[in-house]
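Q: Predicted model, plus sequence, below.
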Amino acid sequence: MTDNTNVSYSFQIGASTQPTNPAPLTETDPRTFAYADCEQVIINDKTMMIINLRNRNKMVVTLDVANALTHCANFDSLAAHTARLCATIPMLREQQSDVLQVLKAARDAGILVSSNETAARLNTAPTETRVAPTRVFIITCDRPLAIERLLDSMLAGCTLTRHDQLILIDDSRRASNALHNQQLVAKFNLTSAKSMLYFGAEAAASLLTQLVEALPAQARGLHFLLDRARWTDQATYGLSRNLALLLSVGYRAIVLDDDILCRAVRPPTTQPGVAFSNEETREAWFYPAERELLQHSTWCDFDPLSRQAEALGKPLAAVLSTLHGGALDPAALEHCNGNLLGVFDSASCVLVTQCGSAGDPGTAGSTWVLNLGDPSITRLLSANADSRALPENRFCWLGHTRPTVSLRGDMSQMTGLDNSHLLPPYAPIMRGEDDLFACMTAYLHPRSAVFHCDWAVPHLPLDDRADRKVSRPFTPQIGLGTLSCHLRAKIDTRNNASAESRLAALAAEIRGLGECSADTLFALCDIGLANDCAAILRALEPHLEESRTLSHPAWQSFLKKNAAEAQAALTSASAFDSGHPPHWITAAQEAAIALAEALEAWPVIRNRSAMLTADMIASGDLLPA
């Protein structure tokens, strides 16, 4: 054994003489600790070696100790860890002294990491970096009334001259709507201190043609990402976002959905400090109608575009220093996940910023409700006096009640992207494009950060969304989420390779999916669907348990329907049982190969696009008459 190896720690199961209800233990160490950044190596059927990957310290323990330590992933005092372990693991219920001694041994052996060490690492001043200028993009499709409302809000509350460019990307199918949008931009420019460019179908087709002419070998990937004609019968949710990426190479981009107002709304309740989370931590307040939502909104007095950009592109240490008015206090890390914080360092760059929604949550399904905590669920159920029904409207404040740092983004109607770094493209079609983009971004930059603002923008769609009622059960389906689930398991936070190298690996991974047999691909789809169903069932479990004490039949019925549908989808027979793969397998294989080709060529596409779009902007042709 090496000098930094500690040997044979175990609980004395069955040997304790403590009373059934022992007095609370006293522990004088004021620090908090977490079991993080460790690997476990099985030695035999009784013992295991734990290796701390950060300091390379080692410790040999029994299997029951190794299992117990995995329950100590969040920063807490040794006494609190002891109390929790003894309360949740039945065989440790009367072993408080033994548990505390083992935790002290793990602390002394350097296996447990302290919040003091972690805070010091995050506080280390990085090399000062300059952030790139910002470009603001509005993406729209056949919603001129929403565009008029959004542009008016931008004129009223934003300092638009702070941005290098303002660009509306129009994916409208109807020529009349495209013309209306172009006229709205021209009207906006009459009074705006900063003119807005109009990037419609003609400009998009011109850019694609120029890229194909310059990069003929990349034609297939280019048409996959950018050619709306290829996707005539499908909604191209990601295509406009790809255009925004190509128009902002070397810049920070702020991308706005067309059905928002460019104003900021505070949460009904705020919390101090900053949160670190690798789980869903949003909170929600529910209102009976839009009028009540707006009446109860507390409007912020700042420019949301400028505020969205404040953290974007900066190292995490600088962001945390601004939020705390100085160095991060170790006490602020209490209850935070140690493995998550182990991924970050002071130089981790904030590549994505997001905010909440005041109004429609934007999601197509109802599973977002299942990810809410107990206070939000209580507010949901109390929003309707009739316990036999759930609120059927989509008016809520949904977001974070304090600034939050995470590894992956989710969905936001106003999103900041630091495109001065190599970011991946979006899948051009299908819902779930934002989640897939988040996964691919984390794949390329596994130690980067996502910053969630503690405010929301009003999201007030003008279209009918009656098919998105909260009470409708959500059935998992094969789609982009299936690919996201597959890639999520491949993200290596210990990989220090360049983003370009990781992009090549990502392309190879996706190409492999396209080139594998139909049987293998369908089996992977089965696994992805099973993971989605299992995630829903895990999210449902605590709600089902809690619902037994609530007098709300509609909520209980909603939970049971979701559980039944998820369970049925989980246990349903594979389509290959009959020997006939579904017709979409071939299309999925072709799409995977096309996406892989686009990813392989993406750095070259970005570089060429930066030159072409600079010429398009300089020419003045994008200014509407």
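A: Received it, and whenever you're ready, just let me know what you need.

Q: On the three-state scheme, the residue nearest the centre of the chain is what?
A: With distances taken as Cα atoms, centre = their mean, residue 409 lies nearest the centre of the chain, 2.0 Å away. Assigned by DSSP: H, G, I helix; E, B strand; the rest coil, the conformation of residue 409 is coil.

Q: Next, the contact list for it, please.
A: The neighbourhood of residue 409, defined by Cβ atoms under 8 Å, 6 or more residues apart in numbering, consists of 352, 354, 415, 434, 437-438, 441, 450. Where you see a C-beta, it was placed from the backbone N, CA and C, and this is true even at glycine.

Q: Got a ChimeraX select line for the buried ones in those residues?
A: In ChimeraX, a selection of the buried entries from those looks like this (16 or more other Cβ atoms under 10 Å):
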select :352,354,415,434,437,438,441,450
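
Q: Now intersect the contacts of residue 409 with the helices, please.
A: Counting by DSSP state H, those place 434, 437-438, 441 in helices.

Q: Extract the CA atoms of stretch 373-381 and return them as PDB.
A: Output in PDB follows, covering the C-alpha atoms of stretch 373-381 (Å, rounded to 0.1, in the frame of the first residue of the first chain):
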ATOM      1  CA  GLY A 373     -41.000  20.700  -5.700                       C
ATOM      2  CA  ASP A 374     -43.700  20.500  -3.000                       C
ATOM      3  CA  PRO A 375     -44.300  24.200  -2.500                       C
ATOM      4  CA  SER A 376     -45.000  24.600  -6.300                       C
ATOM      5  CA  ILE A 377     -47.300  21.600  -6.300                       C
ATOM      6  CA  THR A 378     -49.200  23.100  -3.300                       C
ATOM      7  CA  ARG A 379     -49.600  26.300  -5.300                       C
ATOM      8  CA  LEU A 380     -50.800  24.300  -8.300                       C
ATOM      9  CA  LEU A 381     -53.400  22.500  -6.400                       C
END
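
Q: List the buried residues of that stretch.
A: Neighbour-count burial for stretch 373-381 [16+ other Cβ under 10 Å]: 376-377, 379-381.

Q: Could I get the residues you listed in TSV, plus columns for pLDDT, distance to residue 364 and secondary structure?
A: Formatted as TSV, the buried residues of stretch 373-381 follow (pLDDT from 0 to 100; distance: Cβ to Cβ, whole Å; DSSP: H, G, I helix; E, B strand; the rest coil):
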residue	pLDDT	distance to residue 364	secondary structure
376	92	19	helix
377	91	21	helix
379	90	22	helix
380	89	18	helix
381	88	23	helix
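
Q: Quick check: closest non-adjacent residue to residue 314.
A: Spatially, and ignoring its direct neighbours in sequence, residue 314 is nearest to residue 350 (5.6 Å; Cβ to Cβ, 6 or more residues apart in numbering).

Q: what's the answer for residue 477, then?
A: Closest to residue 477 by Cβ to Cβ, 6+ apart is residue 529, at 7.7 Å.

Q: ok, now how distant is the one you found from residue 478?
A: Note on residue 529: its distance to residue 478, by Cβ to Cβ, to the nearest Å, is 6 Å.

Q: More neighbours: the two, which one.
A: residue 529 (21 against 17; other Cβ atoms under 10 Å).

Q: what is the rounded mean pLDDT of the host helix or strand of the more buried one?
A: Using DSSP states H and E, the secondary-structure element containing residue 529 is helix 518-547. Here helix 518-547 scores 86 as its mean pLDDT.

Q: Likewise for stretch 408-423?
A: On average, stretch 408-423 scores 93.

Q: quick one: the strands in the stretch 301-450 of the chain?
A: Using DSSP state E, counting those that start in this stretch, the strands found in the stretch 301-450 of the chain span residues 350-359, 396-399, 404-406, 414-418, 449-459.

Q: got those as JSON lines, with distance to residue 140 columns?
A: Listed next are the strands of the stretch 301-450 of the chain as JSON lines, based on distance: least, Cβ to Cβ, whole Å:
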{"stretch": "strand 350-359", "distance to residue 140": "17"}
{"stretch": "strand 396-399", "distance to residue 140": "22"}
{"stretch": "strand 404-406", "distance to residue 140": "28"}
{"stretch": "strand 414-418", "distance to residue 140": "14"}
{"stretch": "strand 449-459", "distance to residue 140": "14"}
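
Q: Ok, which of those comes nearest residue 169?
A: Nearest to residue 169, of all these, is strand 414-418, at 13.7 Å by Cβ to Cβ.

Q: got the buried residues for the helix holding residue 529?
A: For helix 518-547, by 16+ other Cβ under 10 Å, it's 521-522, 524-526, 528-533, 535-537, 539-540, 543, 547.

Q: So which elements touch that helix?
A: Helix 518-547 sits against helix 367-370, helix 374-382, helix 480-488, helix 553-571, helix 584-619, with contacts defined as 3 or more Cβ pairs under 8 Å, 6 or more residues apart in numbering; DSSP states H and E.

Q: out of those, nearest to residue 97?
A: helix 374-382 (33.2 Å).

Q: I'd like to know how far residue 36 sits from residue 562.
A: Using Cβ to Cβ, residue 36 is found at 33 Å from residue 562.

Q: rewinding a little: quick check: the residue nearest to residue 477 touching residue 479?
A: No: with contact defined as Cβ atoms under 8 Å, residue 529 does not count as touching residue 479 (9.8 Å).

Q: quick one: low-confidence ranges for the stretch 351-500 of the chain?
A: 466-475 (pLDDT under 70).

Q: Residue 248: which of the helices and strands packed on helix 518-547 is closest?
A: Here helix 584-619 is closest among the helices and strands packed on helix 518-547 (Cβ to Cβ), at 8.6 Å.

Q: Buried residues, the closest one. List them.
A: Here helix 584-619 shows 585, 588-589, 591-602, 605-606, 608-609, 612-613, 616-617 as buried, counting by 16+ other Cβ under 10 Å.

Q: swap in stretch 290-304?
A: 293-294, 297, 303-304.

Q: Which two of these have the greatest separation?
A: Checking the buried residues of stretch 290-304 with Cβ to Cβ, the most distant pair is 293 and 303, at 21.9 Å.
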